[in-house]
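Peer 1: Sequence and predicted model, in that order:
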Amino acid sequence: MSRYYAIFKDIKKLGQLSTQTIPDMNLERTPPGQTQGQEEGLMKKIRIAIVGVGNCASSLIQGIRYYESEGANTAIGLMHPKIGPYTASDVEVAAAFDVDARKVGKDLSEAIFSQPNCCMNIMSDCPPTGVIVQMGAPLDGISSHMRDYSGAETFVLSGEKELERKEIVSILKESKSEIMLNYLPVGSELATAFYVECALEARLGVINNIPVFVASNEKWVNRFKDAGLPLIGDDIKSQLGATIVHRVLAHLLSNRGVKIDNTYQLNVGGNTDFLNMLNRDRLKSKKISKTEAVQAVITNRLPDAQIHVGPSDYVPWLKDNKICFVRIDGRIFGNVPINLELRLSVEDSPNSAGVVIDAIRCCKLAMERGVSGVLEGPSAYFMKKPRTQFSDDQAFDLTEAFISSHS
């Protein structure tokens, strides 16, 4: 355990963490029986399986190709140019699943540009990958109202036979996938459970990018721990999006002695994520995730009636552009009122892809070093609803410590 305490001794010098705030990070040594020579010979590529070939998956795959073409040392837009020995271009897709007829059966390089995907193109095209998008299991991944829209927004269920669990597990194993990325639509409770079960059976680590609670659910955490597999989640926090900006501002005001009375975060966009969330029944977990992310950094939690955080409406012509409005009302010295308002416009899907690239590489390091269960630091830094919430500074330090200790 000496290495564990050496890492956090340096962090304590920053005055931002105490030993009481440090979770059990499962900082284990190289798995028994693995020699230094074997470590140096570890497979360079990180093979991922993607569930849901939507805008977020499209931006991720285009980004991998972009950083490959720009060179390994390109740092623009990356929080970590390298994590351990891995650059962004060391990630490759080994398997992909969807249920839309416009994507199933196509090479992944074609499917990511198929409707209803509408994200900004990072690359004008991508070379064929040899990975064919497989028909998955729809379950509750499709909201009924999605069929009521015309044009690109209309959902078109593939007529191909739905794959059973054993078939998906077989594909994951045969493709030599190591990590599964969950990009299902918000509200896909049953579908998420189905694919997470497949990942456990095929022995894959999981990165849960959506607000269905897996890494913050003790049942799943214990199962991954028992299986010796890493887990990161829940609900991806964009590189510079509404949630991280709202958190930083709320934390700043709280630290400066401002009594926060009310706050809201309103988001509108035109991609299928916003269209899907017009069904308010599917929005429940998203609101919990986004609200808790802000509440966690306010010194005195606000009553439910005084905080509103969540997607507000679907505006088709905005496409993948998300516009966020944040307002915070509070009181400063002498009970004098203060009001802050902010407008943020971002391309939604590329904004999450850079964070996922880091999560993938952290998950790979954990698999190489035999670290299992939820990765507390990376989950807190990369996700809105981790099992344990920390301030963003603390989450950053925990993630840097994780990377340092396992590199």
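Peer 2: Structure's in. What do you need?

Peer 1: Only C-alpha atoms from now on, for both contacts and neighbour counts.
Peer 2: Fine.

Peer 1: And the helix or strand that residue 330 is a member of, what's buried?
Peer 2: Per DSSP states H and E: residue 330 is located in strand 321-332. By neighbour count with 16 or more other CA atoms under 10 Å, strand 321-332 contains the buried residues 321-331.

Peer 1: What's the first helix or strand after it?
Peer 2: strand 336-347.

Peer 1: for that next one, packing partners?
Peer 2: Here strand 336-347 touches strand 321-332, going by 3 or more CA pairs under 8 Å, 6 or more residues apart in numbering; DSSP states H and E.

Peer 1: gap between the strand it packs on and the chain center?
Peer 2: Relative to the centre of its chain, strand 321-332 is centred 23 Å away, using CA atoms, centre = their mean, to the nearest Å.

Peer 1: partner strands of it, parallel or antiparallel?
Peer 2: strand 259-269 (antiparallel), strand 336-347 (antiparallel) (DSSP bridges).

Peer 1: Mean neighbour count, distance to residue 195 and mean pLDDT added to the ones you listed, as a markdown table?
Peer 2: Formatted as a markdown table, the strands paired with strand 321-332 follow (neighbours: other CA atoms under 10 Å; distance: least, CA to CA, whole Å; pLDDT from 0 to 100):
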| stretch | mean neighbour count | distance to residue 195 | mean pLDDT |
| --- | --- | --- | --- |
| strand 259-269 | 20 | 27 | 97 |
| strand 336-347 | 13 | 28 | 98 |
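
Peer 1: Is it possible to get a markdown table of those strands that adds distance to residue 233?
Peer 2: Shown next, in a markdown table, are the strands paired with strand 321-332 (distance: least, CA to CA, whole Å):
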| stretch | distance to residue 233 |
| --- | --- |
| strand 259-269 | 22 |
| strand 336-347 | 22 |
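
Peer 1: of these, which approaches residue 136 most closely?
Peer 2: Proximity to residue 136 (CA to CA) singles out strand 259-269 among these, at 26.8 Å.

Peer 1: quick one, helices of the stretch 51-200 of the chain?
Peer 2: Along the stretch 51-200 of the chain, counting by DSSP state H, counting those that start in this stretch, helices occupy 55-70, 108-111, 165-174, 189-202.

Peer 1: oh sorry, the question was meant for the stretch 201-350 of the chain
Peer 2: Taking DSSP H, counting those that start in this stretch to define them, one finds helices in the stretch 201-350 of the chain at 218-227, 242-255, 272-276, 280-295, 348-369.

Peer 1: circling back: any chance of the helices of the stretch 51-200 of the chain in JSON lines, plus mean neighbour count and mean pLDDT?
Peer 2: As requested, the helices of the stretch 51-200 of the chain are exported to JSON lines (neighbours: other CA atoms under 10 Å; pLDDT from 0 to 100):
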{"stretch": "helix 55-70", "mean neighbour count": "21", "mean pLDDT": "93"}
{"stretch": "helix 108-111", "mean neighbour count": "22", "mean pLDDT": "98"}
{"stretch": "helix 165-174", "mean neighbour count": "17", "mean pLDDT": "98"}
{"stretch": "helix 189-202", "mean neighbour count": "20", "mean pLDDT": "98"}
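
Peer 1: Take the ones you listed and write them to JSON lines, including distance to residue 145.
Peer 2: JSON lines is the format used below for the helices of the stretch 51-200 of the chain (distance: least, CA to CA, whole Å):
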{"stretch": "helix 55-70", "distance to residue 145": "19"}
{"stretch": "helix 108-111", "distance to residue 145": "23"}
{"stretch": "helix 165-174", "distance to residue 145": "27"}
{"stretch": "helix 189-202", "distance to residue 145": "17"}
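
Peer 1: Give me the contact list for stretch 315-333.
Peer 2: 55, 118-120, 242, 246, 250, 257-271, 337-349 (CA atoms under 8 Å, 6 or more residues apart in numbering).
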